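Trainee: quick one, structure for this:
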Amino acid sequence: MGAVVLGVMVAAAGVFLVPRVPSLSTQITGDQGLAVQTLPYLDGALDVVSVATVDGSVVDFAGFGADENTVYEIGSITKTFTAALFADAVTRGEVNADTLLAELLPVDGTPVADVTLAELASHRSGLPRDGIDTSVSKTLLLLTHRSVYTEDIDGLVTVARSADLTDRGSYLYSTLGTALLGQALAAAAQVDYSQLLQDRMLRPLGMMDTTVAITAEDLPANATAGFGADGQQYSPWTMNAWAPAGGMRSTAADMAKYASALLDGTAPGMDALTPQWDEGNGTRTGYAWNITAFQGETVTAHGGATGGFCAAIALDRTHHRAVIVLSNTKVPVEDAARTLLLGST
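Mentor: Numbering: from 1, shown residues only. Sure, this is the predicted structure:
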(Lines give C-alpha, C1' and ligand atoms only; values in the text may rest on other atoms or scores of the structure.)
Protein backbone atom coordinates (compact mmCIF):
# COMPACT_ATOMS: atom_id res chain seq x y z
CA MET A 1 0.00 0.00 0.00
CA GLY A 2 2.83 2.38 0.88
CA ALA A 3 4.46 1.86 -2.51
CA VAL A 4 1.16 2.53 -4.26
CA VAL A 5 0.61 5.75 -2.31
CA LEU A 6 4.16 6.88 -3.04
CA GLY A 7 3.69 6.11 -6.73
CA VAL A 8 0.50 8.18 -6.86
CA MET A 9 2.23 11.05 -5.07
CA VAL A 10 5.19 11.02 -7.43
CA ALA A 11 2.94 10.82 -10.49
CA ALA A 12 0.84 13.72 -9.24
CA ALA A 13 3.92 15.73 -8.42
CA GLY A 14 5.37 15.06 -11.84
CA VAL A 15 2.71 17.23 -13.42
CA PHE A 16 4.11 20.14 -11.48
CA LEU A 17 7.80 19.29 -11.60
CA VAL A 18 8.40 20.28 -15.20
CA PRO A 19 9.93 23.68 -14.61
CA ARG A 20 8.97 26.61 -16.74
CA VAL A 21 11.92 28.81 -15.95
CA PRO A 22 10.76 32.36 -16.63
CA SER A 23 12.87 35.45 -16.16
CA LEU A 24 12.33 38.82 -14.60
CA SER A 25 10.19 40.96 -16.88
CA THR A 26 11.98 43.68 -18.80
CA GLN A 27 8.78 45.73 -19.07
CA ILE A 28 9.35 48.68 -16.73
CA THR A 29 6.51 50.75 -15.31
CA GLY A 30 6.45 53.80 -13.09
CA ASP A 31 9.59 55.59 -11.91
CA GLN A 32 12.42 54.56 -14.23
CA GLY A 33 15.08 55.76 -11.82
CA LEU A 34 13.65 53.68 -8.99
CA ALA A 35 13.55 50.65 -11.29
CA VAL A 36 17.22 51.13 -12.21
CA GLN A 37 18.11 51.50 -8.53
CA THR A 38 16.19 48.36 -7.59
CA LEU A 39 17.29 46.00 -10.37
CA PRO A 40 20.70 45.02 -8.89
CA TYR A 41 18.97 43.65 -5.80
CA LEU A 42 16.49 41.39 -7.60
CA ASP A 43 18.73 38.38 -8.23
CA GLY A 44 16.51 35.33 -8.41
CA ALA A 45 13.26 37.14 -9.21
CA LEU A 46 11.74 35.21 -12.07
CA ASP A 47 8.60 37.00 -13.19
CA VAL A 48 7.16 40.25 -11.85
CA VAL A 49 8.08 42.67 -9.06
CA SER A 50 6.50 45.85 -7.69
CA VAL A 51 8.38 48.40 -5.57
CA ALA A 52 7.08 51.35 -3.58
CA THR A 53 9.00 54.04 -1.72
CA VAL A 54 7.65 56.56 0.77
CA ASP A 55 9.64 59.70 1.56
CA GLY A 56 7.56 62.00 3.70
CA SER A 57 4.48 62.75 1.65
CA VAL A 58 6.09 61.61 -1.62
CA VAL A 59 5.26 58.09 -2.81
CA ASP A 60 6.91 56.53 -5.87
CA PHE A 61 6.33 53.22 -7.61
CA ALA A 62 8.26 51.07 -10.06
CA GLY A 63 7.40 47.73 -11.57
CA PHE A 64 8.89 44.94 -13.62
CA GLY A 65 6.04 43.45 -15.62
CA ALA A 66 3.69 44.84 -12.99
CA ASP A 67 2.57 48.10 -11.44
CA GLU A 68 1.40 49.44 -8.10
CA ASN A 69 -1.98 47.72 -8.48
CA THR A 70 -0.67 44.20 -9.12
CA VAL A 71 -1.78 41.83 -6.36
CA TYR A 72 0.72 39.69 -4.45
CA GLU A 73 0.60 37.30 -1.54
CA ILE A 74 2.44 39.09 1.29
CA GLY A 75 2.84 36.08 3.58
CA SER A 76 4.07 36.81 7.08
CA ILE A 77 3.79 40.57 6.75
CA THR A 78 0.21 39.65 7.69
CA LYS A 79 1.61 39.06 11.17
CA THR A 80 2.23 42.80 11.56
CA PHE A 81 -1.46 43.47 10.90
CA THR A 82 -2.47 40.86 13.48
CA ALA A 83 -0.02 42.40 15.95
CA ALA A 84 -1.59 45.81 15.30
CA LEU A 85 -5.05 44.33 15.90
CA PHE A 86 -3.76 43.03 19.24
CA ALA A 87 -2.31 46.40 20.29
CA ASP A 88 -5.53 48.08 19.18
CA ALA A 89 -7.67 45.59 21.13
CA VAL A 90 -5.63 46.38 24.25
CA THR A 91 -6.31 50.09 23.73
CA ARG A 92 -10.01 49.32 23.32
CA GLY A 93 -10.00 47.36 26.58
CA GLU A 94 -11.15 44.13 24.91
CA VAL A 95 -8.05 42.22 26.04
CA ASN A 96 -4.80 42.96 27.81
CA ALA A 97 -1.23 41.75 27.52
CA ASP A 98 -1.81 39.09 30.17
CA THR A 99 -5.06 37.71 28.77
CA LEU A 100 -4.71 33.92 28.61
CA LEU A 101 -5.39 32.05 25.39
CA ALA A 102 -7.75 29.71 27.26
CA GLU A 103 -10.00 32.67 28.07
CA LEU A 104 -10.80 33.02 24.36
CA LEU A 105 -10.22 29.63 22.69
CA PRO A 106 -11.03 26.07 23.95
CA VAL A 107 -7.54 24.96 24.97
CA ASP A 108 -8.10 24.28 28.69
CA GLY A 109 -6.03 21.49 30.17
CA THR A 110 -3.22 21.77 27.62
CA PRO A 111 0.25 23.36 27.81
CA VAL A 112 -0.88 26.33 25.69
CA ALA A 113 -3.81 27.21 27.98
CA ASP A 114 -1.97 29.76 30.10
CA VAL A 115 0.05 31.31 27.28
CA THR A 116 -0.68 35.04 27.15
CA LEU A 117 -1.66 37.05 24.11
CA ALA A 118 1.49 39.15 24.51
CA GLU A 119 3.60 35.99 24.35
CA LEU A 120 1.83 34.99 21.13
CA ALA A 121 2.33 38.46 19.62
CA SER A 122 6.03 38.53 20.48
CA HIS A 123 6.91 34.93 19.54
CA ARG A 124 7.64 34.07 23.17
CA SER A 125 4.97 31.46 23.77
CA GLY A 126 7.25 28.47 23.29
CA LEU A 127 4.99 27.14 20.54
CA PRO A 128 6.64 25.50 17.50
CA ARG A 129 6.83 27.22 14.15
CA ASP A 130 3.67 25.51 12.89
CA GLY A 131 3.16 22.09 14.48
CA ILE A 132 1.73 20.71 11.23
CA ASP A 133 1.81 16.93 10.88
CA THR A 134 3.71 15.10 8.16
CA SER A 135 0.82 12.93 6.97
CA VAL A 136 0.54 11.65 3.41
CA SER A 137 -2.08 14.29 2.62
CA LYS A 138 0.15 17.13 3.82
CA THR A 139 3.14 15.72 1.95
CA LEU A 140 1.08 15.50 -1.22
CA LEU A 141 0.12 19.16 -0.87
CA LEU A 142 3.79 20.09 -0.61
CA LEU A 143 4.73 17.97 -3.60
CA THR A 144 2.01 19.57 -5.71
CA HIS A 145 3.00 23.09 -4.66
CA ARG A 146 -0.10 23.92 -2.65
CA SER A 147 -0.63 25.39 0.80
CA VAL A 148 -0.47 22.95 3.71
CA TYR A 149 -2.44 25.30 5.95
CA THR A 150 -5.79 23.58 5.53
CA GLU A 151 -7.25 23.52 9.05
CA ASP A 152 -10.42 25.37 10.01
CA ILE A 153 -10.63 26.93 13.48
CA ASP A 154 -11.46 23.61 15.15
CA GLY A 155 -8.50 22.03 13.37
CA LEU A 156 -6.19 24.87 14.39
CA VAL A 157 -7.27 24.47 18.01
CA THR A 158 -6.56 20.74 17.75
CA VAL A 159 -3.03 21.51 16.53
CA ALA A 160 -2.58 23.94 19.43
CA ARG A 161 -3.91 21.49 22.02
CA SER A 162 -1.34 18.87 20.99
CA ALA A 163 1.61 21.27 20.85
CA ASP A 164 4.44 21.23 23.37
CA LEU A 165 6.10 24.43 24.57
CA THR A 166 9.85 24.86 24.28
CA ASP A 167 11.94 27.62 25.89
CA ARG A 168 8.88 29.67 26.75
CA GLY A 169 9.86 33.30 27.27
CA SER A 170 12.59 33.19 24.63
CA TYR A 171 12.12 34.28 21.03
CA LEU A 172 10.94 31.37 18.87
CA TYR A 173 9.20 32.41 15.66
CA SER A 174 5.78 30.77 15.51
CA THR A 175 3.24 30.91 12.70
CA LEU A 176 0.98 28.80 14.91
CA GLY A 177 1.21 31.41 17.68
CA THR A 178 0.18 34.29 15.45
CA ALA A 179 -2.66 32.27 13.92
CA LEU A 180 -3.98 31.58 17.42
CA LEU A 181 -3.57 35.24 18.38
CA GLY A 182 -5.67 36.37 15.42
CA GLN A 183 -8.42 33.86 16.11
CA ALA A 184 -8.42 34.79 19.80
CA LEU A 185 -8.80 38.49 18.95
CA ALA A 186 -11.65 37.65 16.59
CA ALA A 187 -13.34 35.67 19.38
CA ALA A 188 -12.93 38.61 21.77
CA ALA A 189 -14.53 40.95 19.22
CA GLN A 190 -17.22 38.37 18.35
CA VAL A 191 -16.53 38.53 14.61
CA ASP A 192 -14.44 36.41 12.28
CA TYR A 193 -10.84 37.37 11.59
CA SER A 194 -11.51 38.60 8.06
CA GLN A 195 -14.18 41.01 9.28
CA LEU A 196 -11.99 42.18 12.15
CA LEU A 197 -9.15 42.95 9.76
CA GLN A 198 -11.43 44.81 7.37
CA ASP A 199 -13.18 46.84 10.07
CA ARG A 200 -10.17 47.86 12.13
CA MET A 201 -7.24 47.98 9.71
CA LEU A 202 -7.97 47.82 6.00
CA ARG A 203 -11.01 50.09 5.78
CA PRO A 204 -9.62 52.82 8.09
CA LEU A 205 -6.36 52.85 6.10
CA GLY A 206 -8.12 52.91 2.73
CA MET A 207 -6.55 49.61 1.68
CA MET A 208 -9.43 48.68 -0.59
CA ASP A 209 -7.46 46.26 -2.79
CA THR A 210 -6.13 44.22 0.14
CA THR A 211 -7.87 41.02 1.15
CA VAL A 212 -7.35 37.96 3.27
CA ALA A 213 -7.93 34.66 1.51
CA ILE A 214 -9.42 32.25 4.02
CA THR A 215 -10.52 29.54 1.57
CA ALA A 216 -10.18 28.99 -2.17
CA GLU A 217 -13.62 30.58 -2.62
CA ASP A 218 -12.09 33.88 -1.46
CA LEU A 219 -9.57 33.95 -4.30
CA PRO A 220 -10.35 35.95 -7.43
CA ALA A 221 -10.49 34.01 -10.68
CA ASN A 222 -7.37 35.84 -11.90
CA ALA A 223 -5.30 35.31 -8.74
CA THR A 224 -1.63 35.95 -9.57
CA ALA A 225 0.53 32.85 -9.92
CA GLY A 226 3.76 32.48 -7.98
CA PHE A 227 7.01 30.67 -8.67
CA GLY A 228 9.56 28.78 -6.65
CA ALA A 229 13.20 29.76 -6.90
CA ASP A 230 13.63 27.03 -9.53
CA GLY A 231 10.82 28.36 -11.73
CA GLN A 232 8.19 25.83 -10.74
CA GLN A 233 4.73 27.34 -10.52
CA TYR A 234 2.82 27.37 -7.23
CA SER A 235 -0.92 27.48 -6.79
CA PRO A 236 -2.28 30.59 -5.04
CA TRP A 237 -2.27 30.04 -1.30
CA THR A 238 -5.17 30.12 1.07
CA MET A 239 -4.54 29.57 4.78
CA ASN A 240 -7.94 28.91 6.33
CA ALA A 241 -7.73 29.40 10.13
CA TRP A 242 -4.01 30.15 9.80
CA ALA A 243 -4.82 33.32 7.83
CA PRO A 244 -3.87 35.75 10.65
CA ALA A 245 -0.29 34.56 10.25
CA GLY A 246 0.10 34.85 6.48
CA GLY A 247 -3.09 34.92 4.45
CA MET A 248 -3.19 38.48 3.11
CA ARG A 249 -2.97 39.60 -0.52
CA SER A 250 -2.08 43.21 -1.28
CA THR A 251 -0.64 45.70 -3.75
CA ALA A 252 2.27 48.12 -3.65
CA ALA A 253 -0.22 51.01 -3.64
CA ASP A 254 -2.06 49.67 -0.59
CA MET A 255 1.14 48.75 1.20
CA ALA A 256 2.39 52.30 0.67
CA LYS A 257 -0.75 53.52 2.43
CA TYR A 258 0.05 51.17 5.30
CA ALA A 259 3.66 52.35 5.47
CA SER A 260 2.63 56.02 5.39
CA ALA A 261 0.23 55.49 8.30
CA LEU A 262 2.91 53.65 10.28
CA LEU A 263 5.37 56.47 9.66
CA ASP A 264 3.01 59.28 10.70
CA GLY A 265 1.61 57.32 13.63
CA THR A 266 -2.00 57.21 12.45
CA ALA A 267 -2.24 53.44 11.90
CA PRO A 268 -4.28 51.49 14.45
CA GLY A 269 -2.21 49.58 16.99
CA MET A 270 0.98 51.63 16.76
CA ASP A 271 2.20 50.18 20.06
CA ALA A 272 3.02 46.99 18.16
CA LEU A 273 6.11 48.74 16.74
CA THR A 274 7.53 49.67 20.15
CA PRO A 275 10.72 47.66 20.81
CA GLN A 276 10.35 45.75 24.07
CA TRP A 277 12.88 42.92 23.95
CA ASP A 278 16.61 42.85 23.17
CA GLU A 279 17.55 39.90 20.97
CA GLY A 280 21.25 40.75 20.78
CA ASN A 281 23.34 41.64 17.73
CA GLY A 282 21.66 45.04 17.51
CA THR A 283 18.15 43.64 17.11
CA ARG A 284 15.12 44.32 19.26
CA THR A 285 11.57 43.14 18.78
CA GLY A 286 8.11 44.46 19.40
CA TYR A 287 4.87 42.70 18.59
CA ALA A 288 5.80 40.94 15.33
CA TRP A 289 8.17 43.70 14.16
CA ASN A 290 12.00 43.47 14.13
CA ILE A 291 13.88 46.66 14.95
CA THR A 292 17.52 46.55 13.85
CA ALA A 293 20.42 48.95 14.15
CA PHE A 294 22.20 48.99 10.79
CA GLN A 295 24.76 51.40 9.39
CA GLY A 296 23.92 53.91 12.08
CA GLU A 297 20.20 53.85 11.35
CA THR A 298 17.26 52.06 12.95
CA VAL A 299 15.22 49.90 10.58
CA THR A 300 11.82 48.51 11.57
CA ALA A 301 10.98 45.67 9.21
CA HIS A 302 9.21 42.44 8.43
CA GLY A 303 9.36 39.98 5.55
CA GLY A 304 6.90 37.50 4.19
CA ALA A 305 6.87 34.40 2.02
CA THR A 306 4.36 31.88 0.72
CA GLY A 307 4.92 29.02 -1.70
CA GLY A 308 5.56 31.29 -4.66
CA PHE A 309 5.84 34.85 -3.32
CA CYS A 310 8.16 36.98 -1.21
CA ALA A 311 7.52 40.43 0.23
CA ALA A 312 9.23 42.93 2.51
CA ILE A 313 8.46 46.21 4.23
CA ALA A 314 11.22 48.32 5.80
CA LEU A 315 10.67 51.55 7.72
CA ASP A 316 13.06 54.31 8.73
CA ARG A 317 10.82 56.02 11.26
CA THR A 318 13.40 58.66 12.12
CA HIS A 319 13.55 60.03 8.56
CA HIS A 320 9.94 59.15 7.66
CA ARG A 321 10.93 56.79 4.86
CA ALA A 322 9.80 53.33 3.81
CA VAL A 323 10.41 50.77 1.08
CA ILE A 324 8.10 47.92 0.03
CA VAL A 325 9.19 45.16 -2.35
CA LEU A 326 6.68 42.58 -3.62
CA SER A 327 7.68 39.64 -5.83
CA ASN A 328 5.91 36.58 -7.18
CA THR A 329 9.04 34.46 -6.80
CA LYS A 330 10.00 32.75 -3.56
CA VAL A 331 13.38 34.45 -3.28
CA PRO A 332 13.82 36.72 -0.22
CA VAL A 333 13.62 40.46 -0.82
CA GLU A 334 14.25 41.76 2.72
CA ASP A 335 17.83 42.75 1.92
CA ALA A 336 16.66 44.59 -1.18
CA ALA A 337 14.12 46.58 0.82
CA ARG A 338 16.58 47.45 3.56
CA THR A 339 19.38 48.36 1.15
CA LEU A 340 17.08 50.61 -0.87
CA LEU A 341 15.81 52.21 2.34
CA LEU A 342 19.24 53.02 3.70
CA GLY A 343 20.49 54.15 0.32
CA SER A 344 17.91 56.95 0.46
CA THR A 345 19.19 58.45 3.71
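
Trainee: three-state assignment of Ile132?
Mentor: Counting by DSSP: H, G, I helix; E, B strand; the rest coil, the backbone at Ile132 sits in coil.

Trainee: just checking, next helix/strand downstream of the lowest-mean-pLDDT helix or strand in the chain?
Mentor: Sorting the helices and strands of the chain by mean pLDDT, DSSP states H and E puts helix 2-16 at the bottom, at a mean of 41. Downstream of helix 2-16, the next assigned helix or strand under DSSP states H and E is strand 28-30.

Trainee: what about Leu342, neighbour count?
Mentor: For Leu342, the count of nearby residues is 18 (other C-beta atoms under 10 Å). C-betas here are computed from N, CA, C, even on glycine.

Trainee: list the buried residues for the helix or strand it falls within?
Mentor: Secondary structure from DSSP H and E places Leu342 in helix 334-343. For helix 334-343, a neighbour-count test (16 or more other C-beta atoms under 10 Å) marks Glu334, Ala336, Ala337, Arg338, Thr339, Leu340, Leu341, Leu342 as buried.

Trainee: so how far is Ala293 from the last one?
Mentor: Applying C-beta to C-beta, to the nearest Å, one obtains 11 Å for the distance of Leu342 from Ala293.

Trainee: need the overlap of contacts for the two.
Mentor: Common neighbours of Leu342 and Ala293, using C-beta atoms under 8 Å, 6 or more residues apart in numbering, are Val299.

Trainee: rewinding a little: same list (the buried residues of helix 334-343) but as CSV, adding distance to Val59 and pLDDT.
Mentor: As requested, the buried residues of helix 334-343 are exported to CSV (distance: C-beta to C-beta, whole Å; pLDDT from 0 to 100):
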residue, distance to Val59, pLDDT
Glu334, 21, 96
Ala336, 18, 96
Ala337, 15, 97
Arg338, 19, 95
Thr339, 19, 94
Leu340, 14, 96
Leu341, 14, 97
Leu342, 18, 92
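
Trainee: save those residues as TSV, and put in distance to Leu172 too.
Mentor: As requested, the buried residues of helix 334-343 are arranged in TSV below (distance: C-beta to C-beta, whole Å):
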residue	distance to Leu172
Glu334	19
Ala336	27
Ala337	24
Arg338	23
Thr339	28
Leu340	30
Leu341	27
Leu342	28
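
Trainee: of those residues, which is the nearest to Ala252?
Mentor: Closest to Ala252 out of those is Ala337 (11.8 Å), distances taken as C-beta to C-beta.
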